[in-house]
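Visitor: With the input below, show me the fold.
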Amino acid sequence: MNEQRGFWVVAATFLISMAFSTVPTPLWPLYQATDGFSTVMIAVAFSAYAVGVLISLFLAGHLSDWVGRRRLLLPGVLTEALAAALFIGWHSLALLIVARVISGLGIGLITATATAHLSELGARAWPGSTRTAYVATAANLGGLGLGTLVSGTLAQYVRGPLTTVYAAFLVVLLLCALGIALVPETVTQTARPYRPQRVSVPRPARPRYLVVAAGAFTAFALFGLFTSLAPKILATSLGEASAAVSGLVSCVVFLFAVLAQVGLGRLGTDRQLTVGVGALLAGFTVLLAGSVAGSLWLFLLAGALGGVGAGLLFKGAMGAAARMASPGARGEAAAGIFLAAYLGLTLPILGIGLATQVVSLATGLTVFCAVILVLLALVGTGLRRTA
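Guide: Presented below is the predicted three-dimensional model:
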């Protein structure tokens, strides 16, 4: 297989793998209806994914630099296939949590590896082209949106969605694994002493680094909400129980995140951060208004605005971290941003889930939005003070 074909195989595999990670989003209400899971149980099962991602990112996500891209990407895709098989076979909460952790482990292996592999294959296939960055962005965030859309559509119109959807993705993931086994390797295997990924940034840059990390936290808090509890919120607050609609709503967030990163990606890093904070503030404000008013259109608008803000804010945070770090430690600076981001993906959702034990979901959502709005205001202030 030549570099051009290998590039598109890796891109397709990246897209499908990321899509699989959000497949459960429109299915959470079905698990609640068929297995009696509470909102807090769903929050725990959802958050287990981020645990797997973080473990994998810090223990193995950087190993492809010396063991090879294909040698790490193939186990990552097969790990996703294993998670799909577990989802098909069992619906108990314990097994769902295990499957979500395994899925996270696979994504932790795939994300950085596929991004680097695309960059290297693209440089060989089309020297000087900028398509690599755009394709990687579309596969990553676009895949997250595609997963909710496909899952919601299948769940709405096919029988046995808790089995059928995962079976379809299992087949596609196995085909992707076969393709990855044939793509060109771009890294020569070298022997190095193992060490886990570290978080490091020069001391003078730490105040601003903490601010942009907090920004990444808020960006992923939006992603977490729309890939976990959004279907439940649509059903209880807006009276919209369609799996297809919930999948579409979640897809909108990632679609606009991709459009923002691609369309506004040439803005300077500081400008990306500023515009991102403003758009995310608007998104959470509209989300709060949509929940109170019971308006699906406001909910969609919130997803679009929030997606633009989250996409730009996370891109700006990664760019700022790279700019702060010394040339040999950019991976260590990026690791801290990923850590903050995935904590943002999980902790607020766990907080809402626990809150529903004593208050309504609508009240929990209101508090969530208020806390994130305050945090975003602090991030905006911090960006100005540390500029």
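Visitor: And stretch 151-165, end to end?
Guide: Stretch 151-165 has its terminal residues 6 Å apart, counting by Cα to Cα, to the nearest Å.
Visitor: Name the residues that touch that stretch?
Guide: Identification of contacts with stretch 151-165 by Cβ atoms under 8 Å, 6 or more residues apart in numbering yields 22-27, 30-31, 34, 87-88, 91, 150, 168, 242-248, 250-251. Where C-beta positions appear, they are placed from N, C-alpha and C, glycine not excepted.
Visitor: measure the residue nearest to Arg323 when sequence neighbours are not counted to Val199 for me?
Guide: Nearest residue to Arg323, sequence neighbours excluded (Cβ to Cβ, 6 or more residues apart in numbering): Thr269, at 6.3 Å. Relative to Val199, Thr269 is positioned 20 Å away (Cβ to Cβ, to the nearest Å).
Visitor: cool, Ala83 as well?
Guide: As judged by Cβ to Cβ, Ala83 and Val199 stand 27 Å apart.
Visitor: what about Val23, helix or strand, and which?
Guide: For Val23, there is no host helix or strand (DSSP states H and E).
Visitor: The closest residue in space to it that isn't next to it in sequence and Tyr49, how far apart?
Guide: The spatially closest residue to Val23, leaving aside those adjacent along the chain, is Ser151, at 4.4 Å (Cβ to Cβ, 6+ apart). Relative to Tyr49, Ser151 is positioned 14 Å away (Cβ to Cβ).
Visitor: for Leu255, same thing?
Guide: Leu255 sits 21 Å away from Tyr49, going by Cβ to Cβ.
Visitor: Likewise for Thr274?
Guide: From Thr274 to Tyr49 the distance is 31 Å (Cβ to Cβ).
Visitor: who has more neighbours, these two?
Guide: The neighbour comparison of Thr274 against Tyr49 (other Cβ atoms under 10 Å) goes to Tyr49, with 28 against 19.
Visitor: just checking, Ala310 touches Leu280?
Guide: Yes - counting by Cβ atoms under 8 Å, Ala310 does reach Leu280; the two are 5.9 Å apart.
Visitor: what about the residue nearest to Val23, how many residues close to it?
Guide: By other Cβ under 10 Å, 29 other residues sit near Ser151.
Visitor: list the buried ones in the helix or strand that contains it?
Guide: Per DSSP H and E, Ser151 falls inside helix 131-157. Buried positions in helix 131-157, judged by neighbour count with 16 or more other Cβ atoms under 10 Å: 132-133, 135-155.
Visitor: Off-centre distance for stretch 106-117?
Guide: Centroid separation for stretch 106-117 versus its chain: 13 Å, with Cα atoms, centre = their mean, to the nearest Å.
Visitor: and that stretch, C-alpha only, in PDB?
Guide: What follows is stretch 106-117, C-alpha atoms only, in PDB (Å, rounded to 0.1, in the frame of the first residue of the first chain):
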ATOM      1  CA  GLY A 106      -8.100   2.200  22.900                       C
ATOM      2  CA  ILE A 107      -8.800   5.900  22.100                       C
ATOM      3  CA  GLY A 108      -5.800   6.900  24.300                       C
ATOM      4  CA  LEU A 109      -3.600   4.800  22.000                       C
ATOM      5  CA  ILE A 110      -5.200   6.000  18.800                       C
ATOM      6  CA  THR A 111      -5.600   9.700  19.100                       C
ATOM      7  CA  ALA A 112      -2.000  11.000  19.200                       C
ATOM      8  CA  THR A 113      -0.700   8.000  17.200                       C
ATOM      9  CA  ALA A 114      -3.200   8.500  14.300                       C
ATOM     10  CA  THR A 115      -2.600  12.300  14.300                       C
ATOM     11  CA  ALA A 116       1.200  11.800  14.000                       C
ATOM     12  CA  HIS A 117       0.800   9.000  11.400                       C
END
